[in-house]
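[1] Fold the following for me, if possible:
(one chain, ligands or ions: 1)
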Amino acid sequence: MNIALKQLKVFVTVAQEKTITAAAEKLFLSKPAVSMALSELEKQLDHKLFDRNNNRLIINEQGKRLLPLADELLSRSNAIENLFDQAGPLTGKLKVGSSDTVGNQVTPFLLRDFRLESQHRDQTLFISNTAQICHKLMEFELDIGLVEGKVQHSDLVVQPWLCDQMVIACHPQHPLTKIENLHLSDLENSEWVLREIGSGTREFFLNRISPRLDKWTTSFELNTTEAIINCVSADLGITCISQRAITHAVEEQRVAILTLPLNMNRQYWLLYHQEKYQSPLLKLFLEFCQQWQFD
Ligand SMILES: O=S([O-])[O-]
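    Down below sits the predicted model:
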């Protein structure tokens, strides 16, 4: 049997993209070339790797067994290709995924410090919500996730990371700002600006705040933190958000923070696939993240 790296690359890309057309576009190959590479591989292994559903290819159990191994071989071959290109001893690309608050407020500083310490510079940062980051880790599109939503997935290693402080924020002239000794009951009948499904910030509100209110409504649902802040500043509703993310808007007096007698701590999480090949670069980055302090 003679399995080529190109076939493995095609296999991994089809697993991630789910159609031959999308995989062909990503790989700059023709559709017949992708189909042929894949069916050759399936023939050589004597197993189908995908369930076909119309044009969609959904990875099956055999494919799932192959995926971590194929990812490892491609990562090792990438390290060989870059062996003499990079300044330090660390080779390869580091693909980091972060949820919105972490990715905008924390990860850039983490990467800055990692670059300074390791001299490694070939990193990408993909920012989306927690659910999307998990999805991409499951498909081996990312090496590591740093997220704000609690994750439970048997294939992912989930470790507590940094701490965050959540706050409730509103327009500076909102009637709630006039109440002294505010209590949660004062927030009955309030209108909320929330993040989309899959977001850790939304989940915090739904787990920790909304169950303690009898009546509340969603005034707006948006998928970025900055848009949430602007909606609150436009007086479209109140929100529950990370203090890190809203500090600049508080300083600019576009929003105000409501102080409530509530525990608003939350945890960030570090995630990786349990079967992910840990190159020397990834090992070093994981250790770096685990001991890094954000000041
Ligand atoms: O981006 S979040 O809130 O998971």
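[2] how far is the host helix or strand of Thr201 from where the chain is centred?
    Thr201 belongs to helix 200-204 when elements are defined using DSSP states H and E. Taking C-alpha atoms, centre = their mean, to the nearest Å, one finds helix 200-204 lying 13 Å from the centre of the chain it belongs to.
[3] Output the contacting helices and strands for that helix.
    Counting contacts by 3 or more C-beta pairs under 8 Å, 6 or more residues apart in numbering; DSSP states H and E, helix 200-204 packs against helix 100-105, strand 190-195, strand 239-242. Where C-beta positions appear, they are placed from N, C-alpha and C, glycine not excepted.
[4] and the ones you listed, which is most packed in?
    Ranked by average neighbour count under the criterion mean count of other C-beta atoms under 10 Å, the helices and strands packed on helix 200-204 are headed by strand 239-242 at a mean of 25.
[5] which residues of the stretch 151-295 of the chain fall in strands?
    Using DSSP state E, counting those that start in this stretch, the strands of the stretch 151-295 of the chain run over residues 156-170, 190-195, 216-222, 239-242, 256-258, 265-273.
[6] what's the angle between the second one and strand 216-222?
    Here strand 190-195 runs at 30 degrees with respect to strand 216-222, directions being taken by axes from the mean of the first three to the mean of the last three C-alpha atoms, to 10 degrees.
[7] okay if I get the strands of the stretch 151-295 of the chain as JSON lines plus distance to Ala15 and mean pLDDT?
    JSON lines is the format used below for the strands of the stretch 151-295 of the chain (distance: least, C-beta to C-beta, whole Å; pLDDT from 0 to 100):
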{"stretch": "strand 156-170", "distance to Ala15": "17", "mean pLDDT": "97"}
{"stretch": "strand 190-195", "distance to Ala15": "29", "mean pLDDT": "97"}
{"stretch": "strand 216-222", "distance to Ala15": "31", "mean pLDDT": "95"}
{"stretch": "strand 239-242", "distance to Ala15": "33", "mean pLDDT": "97"}
{"stretch": "strand 256-258", "distance to Ala15": "44", "mean pLDDT": "97"}
{"stretch": "strand 265-273", "distance to Ala15": "13", "mean pLDDT": "97"}
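[8] Select, out of the ones you listed, the one closest to Leu8.
    Nearest to Leu8, of all the strands of the stretch 151-295 of the chain, is strand 265-273, at 17.0 Å by C-beta to C-beta.
[9] Is there proximity between stretch 166-176 and the ligand?
    No - Stretch 166-176 lies out of reach of the ligand by C-beta under 6 Å from any ligand atom, never closer than 10.8 Å.
[10] end to end, how far does that stretch reach?
    18 Å (C-alpha to C-alpha, to the nearest Å).
[11] Done for today, thanks.
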